[in-house]
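Visitor: next come a sequence and a model predicted from it.
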Amino acid sequence: MAWEKVDAQTLKMLKEQKAFEDETAKRLTPFYNSTKSPLLKLFIHRIILDTMKHSDTYQTLIAINERALVGEDSREKMGEELTTHIKEESKMLDQAKAISKSIRDEKFKLILERIVDDERTHHKLLTELSEIINKEAREWDRYLYELTSTGFP
């Protein structure tokens with residue numbers, strides 16, 4: 001799969017933003033650890049996790065600017081892990097839906113509905129990622145086949 005690389009200035013901005021996200025998560029962690037309020041703890045934890053997710057996303061963009069998405073040696077392992085986790089996410093989604101249906105309090109129900117939405121998103125993302133990896137595998141195989149027709153190696 002061909003990736004369009006970013007220019008040096010954009011790469012610098014990606015790296016700076018990743019560092020900022022890392023610092024923000026690190027700064028919020030002591031506050032999270034010291035608070036006793038379960039609701040405040042939940043909200044701060046969610047911000048920390050989202051901030052870490054953003055940092056990971058910036059790191060991924062930086063990394064794919066420098067190399068291919070998936071190496072041949074890790075493709076099979078990734079496929080197995082994704083298949084397993086797609087099944088797990090499906091089960092998590094079903095269970096979260098069942099719990100949500102049993103809750104009567106509207107505020108509690110809203111919290112559970114957010115979890116249901118997250119599980120739907122996770123399932124969709126993992127399924128799409130699996131499709132991308134499988135597509136890349138076919139493209140990689142085609143590339144290697146074409147490479148052998150040129151007399152290489």
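Guide: Now that the structure is in, tell me what you want to look at. Numbers count the residues shown, from 1 in each chain.
Visitor: for the rest of this, base every contact and every neighbour count on C-alpha atoms.
Guide: Will do.
Visitor: pLDDT below threshold where in this protein?
Guide: The model of the chain has pLDDT under 70 over residues 1-4, 67-74, 136-153.
Visitor: and the strands in it?
Guide: Applying DSSP state E to the chain gives no strands.
Visitor: okay, now the domains of it?
Guide: 1-67, 71-153 (automatic domain parsing).
Visitor: mind putting those into TSV with mean neighbour count?
Guide: Converted to TSV, the domains of the chain look like this (neighbours: other C-alpha atoms under 10 Å):
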stretch	mean neighbour count
domain 1-67	14
domain 71-153	14
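Visitor: ok, the nearest residue to residue 83 once chain neighbours are set aside - contacts?
Guide: Distance criterion C-alpha to C-alpha, 6 or more residues apart in numbering; nearest residue to residue 83, sequence neighbours excluded, is residue 130 at 7.7 Å. Neighbouring residues of residue 130 by C-alpha atoms under 8 Å, 6 or more residues apart in numbering: 79, 82-83.
Visitor: so which of those residues is the closest to residue 46?
Guide: residue 82 (24.0 Å; C-alpha to C-alpha).
Visitor: now the helices for this protein?
Guide: 8-34, 38-64, 72-102, 106-148 (DSSP state H).
Visitor: so which elements touch the second one?
Guide: Here helix 38-64 touches helix 8-34, going by 3 or more C-alpha pairs under 8 Å, 6 or more residues apart in numbering; DSSP states H and E.
Visitor: now do the helix it packs on: which elements does it pack against?
Guide: Against helix 8-34 (3+ C-alpha pairs under 8 Å, 6+ apart) you get helix 38-64.
Visitor: from the chain's centre, how far out does the helix it packs on sit?
Guide: Distance of helix 38-64 from the chain centroid (C-alpha atoms, centre = their mean, to the nearest Å) equals 10 Å.
Visitor: what angle separates it from helix 8-34?
Guide: 160 degrees (axes from the mean of the first three to the mean of the last three C-alpha atoms, to 10 degrees).
Visitor: could you dump the contacts of residue 130 to a markdown table with distance to residue 47?
Guide: A markdown table is the format used below for those (distance: C-alpha to C-alpha, whole Å):
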| residue | distance to residue 47 |
| --- | --- |
| 79 | 30 |
| 82 | 26 |
| 83 | 29 |
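Visitor: from those, which single one is nearest residue 28?
Guide: The shortest gap between residue 28 and any of these belongs to residue 82, at 31.2 Å (C-alpha to C-alpha).
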